[in-house]
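[1] mind folding the following:
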Amino acid sequence: MKILFVAVEVAPYAKVGGLADVAGSLPRALADLGHDVRVVMPAYGYVIENEQYEITKIRSEMLVQVNPYRLARAELYQADKNGIRHWFIDSNETFAKASKSEEVYAFGRDDYLTFTHATFEACEEENWVPDVISSHDWHTGFFPVILRETKSGVWNGVASTYTIHNLAYQGEPQLRQGDHDP
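    All right, here's what the predicted structure looks like:
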């Protein structure tokens, strides 16, 4: 199977808690079972600029339709570690510029929505559509919804899972300037 593993923290790149440990080890275990696994996370500046990770930009200027009124620009970075391809996605330079201080959870839902759409776009542009999308915690909660509600064509038949790692953290406590009420 082709499995896309989506999380906002993945060890060893970005680690705040247990999610990073799961996102860093479960894909390796799945690959050891013979699955084609990709891991995707936001392209935090402190991660993509760290030379020890050997991350390279593979796509510039991906255009991403976030909604009928908003078009975003995204970039795709890549690193291979322990037989797993890791993708790092930035949209409108949100994650790369705003996260020089190793901050992982400083972003709003609109940022994660754009990240979600950019991930779908990256899969299509890389001609790699998974059989299963495994998304983790509220930041990636858009994946199963967008897959079910808006995707068709190559996305028909793609399954999704959604795992909550810490029920105490269910989303943003308040809106930031620029975010929109539901």
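
[2] for the lowest-mean-pLDDT helix or strand in the chain, packing partners?
    Least confident helix or strand of the chain, by mean pLDDT, DSSP states H and E, is helix 94-98 with a mean of 75. Here helix 94-98 touches helix 45-48, helix 109-125, going by 3 or more Cβ pairs under 8 Å, 6 or more residues apart in numbering; DSSP states H and E. The C-beta positions use only the backbone N, C-alpha and C, and glycine is treated the same way.

[3] can you redo these as JSON lines with distance to Arg59, mean neighbour count and mean pLDDT?
    What follows is the helices and strands packed on helix 94-98, written out as JSON lines (distance: least, Cβ to Cβ, whole Å; neighbours: other Cβ atoms under 10 Å; pLDDT from 0 to 100):
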{"stretch": "helix 45-48", "distance to Arg59": "13", "mean neighbour count": "20", "mean pLDDT": "91"}
{"stretch": "helix 109-125", "distance to Arg59": "6", "mean neighbour count": "22", "mean pLDDT": "92"}
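
[4] so what's the nearest residue to Thr140 once chain neighbours are set aside up against?
    Excluding its sequence neighbours, the residue lying closest to Thr140 (Cβ to Cβ, 6 or more residues apart in numbering) is Val6, at 4.6 Å. Contacts here follow Cβ atoms under 8 Å, 6 or more residues apart in numbering; on that basis Val6 touches 39-41, 119, 133-136, 140, 143.

[5] how does it look with 10 Å?
    23, 38-41, 87, 89, 115-116, 119, 130, 133-137, 139-140, 142-143, 160, 162 (Cβ atoms under 10 Å, 6 or more residues apart in numbering).
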